[in-house]
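**Student:** I would like to see how this sequence folds:
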Amino acid sequence: MRKVIIGLFLCVVLLVSLASVDASAGGGMTYHPIPLSIWPCTINNQGQIAGATFDGYPAIWHNGQIVRMPFGTKGTAGAINDAGNVIVAADNGSPKPEYLFVDKRGWVSVINVPGDYDVVITINNRNQVIGATYAGTTRKCFLWQHGRVNFLNDSGYWWPYCINNRGQIVVGDGSGGNFVWQNGRINVIETPDNGVFTPRAINDAGKIVGSFAPYDENDWTCEHYPAYWYKGELTMLDALGQQGVAVAINNRGDILGYTEEAANAGFEHLVLWREGRPLIYIDENISQPFELDRHHLISIMNNRGQIVCNGFLDGQFGFYLLQPRRR
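**Tutor:** As a prediction, this is how the structure comes out:
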């Protein structure tokens, strides 16, 4: 009886070990690269990718098909929400592009924002559009919706990083500090020991991902590590001793990022963090020979776990949709 119990125990240990190896190797997933005939900017949760054609026209890629915006102006489709509504930066021949809200029916609204120069960042599923406009020595954040503009600040040099579907906007104050703005209320993103947190994305739960640079007055090498901020706490992500950045988070809590051996040394791995699971090296679990563009990496992810990135497939550079598949 004792031998049977010991045998069962050893079997359990072996199974757990095998499961751990499988998770670290890719969590039971492999990624199939699909070439994109578009310069990608973002992807929504329907798998639609907004960007520009290689000859410079705003367009949407979906299931291998490209649909150009319903006008002949060059530009870029820089953002798209789950309803298929798009923000286009249209080339009007001047240094200041014209920003357009284009709904899925093709109806167009001009995003008019007072200021010398403005930049539109993204759109959420409420059709709330965030951006920044420059007016003299001031940079104002704005929230545009249904033709109306609401400025978040009257002075200072604020910058909006991202917005979720609850209307929470992550804002930088222009001097290294960050906060969450919602309906006029501000929640400061505090960091330990005077370190700097640089936000990149927020999900609907309010979890913000980015990178954290510890403060050291004797070291200006700009070391930075992947981290997330949630409910007042900053948490470092396990990057197996490497530096890196967390660049995207979906509503399942999956976090996409990359690691690097040292600051400004180029990207080492495209990685995925999942709660309670080992770090997943995505670039080592692609179904065909694939190498990342280690110096100019684009990395975007949606709720389905689809990832857009750039790299070399069989030595051919391009932009690719990495489609997750069960092994």
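
**Student:** Name the residue closest to the centre of the chain, please.
**Tutor:** Centroid-nearest residue in the chain, with CA atoms, centre = their mean: residue 248, separated by 3.5 Å.

**Student:** so that one makes contact with residue 208?
**Tutor:** No: at 11.4 Å, residue 248 does not count as touching residue 208 under the criterion of CB atoms under 8 Å. From N, CA and C alone the C-beta is placed, and that goes for glycine too.

**Student:** can you give me the helices in the stretch 151-300 of the chain?
**Tutor:** Taking DSSP state H, counting those that start in this stretch, the stretch 151-300 of the chain contains no helices at all.

**Student:** now the strands: where do they sit in it?
**Tutor:** 159-163, 169-172, 178-182, 185-189, 196-202, 208-213, 225-230, 233-236, 243-249, 255-260, 269-273, 280-281, 290-292, 299-301 (DSSP state E, counting those that start in this stretch).

**Student:** The shortest one pairs with which strands?
**Tutor:** It stands for strand 280-281. According to DSSP bridges, strand 280-281 forms sheet pairs with strand 269-273 (antiparallel).

**Student:** Same question for the fifth one.
**Tutor:** Looking at strand 196-202 with DSSP bridges, its partner strands are strand 208-213 (antiparallel).

**Student:** and the angle for the partner strand with strand 243-249?
**Tutor:** Relative orientation of strand 208-213 versus strand 243-249 (axes from the mean of the first three to the mean of the last three CA atoms, to 10 degrees): 170 degrees.

**Student:** Report the buried residues of strand 208-213.
**Tutor:** 208-213 (16 or more other CB atoms under 10 Å).

**Student:** could you point out where the stretch 1-150 of the chain is predicted with low confidence?
**Tutor:** 1-27 (pLDDT under 70).

**Student:** if we go to 90?
**Tutor:** 1-29, 70-73, 92-97, 106, 114-118, 135-137 (pLDDT under 90).

**Student:** What values do phi and psi take at residue 89?
**Tutor:** In terms of degrees, to the nearest 10, the main-chain angles of residue 89 are phi -100, psi 100.

**Student:** before we move on, back to that, need the residues touching each of residue 248 and residue 208.
**Tutor:** Residues touching both residue 248 and residue 208 by CB atoms under 8 Å, 6 or more residues apart in numbering: residue 201.

**Student:** sorry, back to before: of the strands of the stretch 151-300 of the chain, which is nearest residue 119?
**Tutor:** strand 159-163 (9.1 Å; CB to CB).

**Student:** ok, back up a step: tell me who's in contact with the residue nearest to the centre of the chain.
**Tutor:** 200-201, 209, 255-257, 299-301.

**Student:** and which of those is nearest to residue 233?
**Tutor:** Taking those together and measuring to residue 233 by CB to CB, the closest member is residue 209, at 13.4 Å.

**Student:** check contacts around the nearest residue to the closest one once chain neighbours are set aside.
**Tutor:** Spatial nearest neighbour of residue 209, excluding adjacent residues (CB to CB, 6 or more residues apart in numbering): residue 246 at 3.8 Å. Each residue near residue 246 by CB under 8 Å, 6+ apart is listed here: 200-201, 209-211, 226-228, 237, 255-257, 273.
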